[in-house]
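Peer 1: this is a predicted model, with the sequence first.
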Amino acid sequence: MSKGHLKLPKLPERTPMRLAIAISPDLHRKLEAYADAYEQIYGQKEAVATLIPSILEHYIGSDRGFLQTRKG
């Protein structure tokens, strides 16, 4: 049986990867302030550790220089 074609592509690997980093006290304060702002805007409290992956994904996804290097 031949494979069909779906509009939805195959889902990417979703196994979480653990990464430990050390950050400056200043960056930690900024991340906590960001989490506070997130709660004020969306009415839902989220831990800094929960927000960091989305923050990084958004940052990388909006970095035009990085995206251009990936195309080349």
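Peer 2: Ah, there it is.

Peer 1: from here on, contacts and neighbour counts on C-alpha atoms
Peer 2: OK.

Peer 1: poorly predicted segments of this protein, please.
Peer 2: 1-2, 72 (pLDDT under 70).

Peer 1: secondary structure element for the most centrally placed residue in it?
Peer 2: Nearest to the geometric centre of the chain sits S54, at 2.3 Å (C-alpha atoms, centre = their mean). Element membership for S54, per DSSP states H and E: helix 48-61.

Peer 1: which strands or helices does that helix pack on?
Peer 2: helix 25-42 (3 or more C-alpha pairs under 8 Å, 6 or more residues apart in numbering; DSSP states H and E).

Peer 1: may I have the helix it packs on as PDB, with CA atoms only?
Peer 2: Taking Å, rounded to 0.1, in the frame of the first residue of the first chain, the C-alpha atoms of helix 25-42 are listed here in PDB:
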ATOM      1  CA  PRO A  25      21.400  36.900  39.500                       C
ATOM      2  CA  ASP A  26      20.300  39.900  37.200                       C
ATOM      3  CA  LEU A  27      19.000  37.500  34.500                       C
ATOM      4  CA  HIS A  28      17.200  35.500  37.200                       C
ATOM      5  CA  ARG A  29      15.500  38.700  38.400                       C
ATOM      6  CA  LYS A  30      14.500  39.600  34.900                       C
ATOM      7  CA  LEU A  31      13.000  36.100  34.300                       C
ATOM      8  CA  GLU A  32      11.000  36.300  37.500                       C
ATOM      9  CA  ALA A  33       9.700  39.800  36.400                       C
ATOM     10  CA  TYR A  34       8.800  38.300  33.100                       C
ATOM     11  CA  ALA A  35       6.900  35.500  34.800                       C
ATOM     12  CA  ASP A  36       5.100  38.100  36.900                       C
ATOM     13  CA  ALA A  37       4.200  40.100  33.700                       C
ATOM     14  CA  TYR A  38       3.000  36.900  32.100                       C
ATOM     15  CA  GLU A  39       0.700  36.200  35.000                       C
ATOM     16  CA  GLN A  40      -0.700  39.800  34.900                       C
ATOM     17  CA  ILE A  41      -1.400  39.600  31.200                       C
ATOM     18  CA  TYR A  42      -2.700  36.000  30.900                       C
END
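
Peer 1: done for today, thanks.
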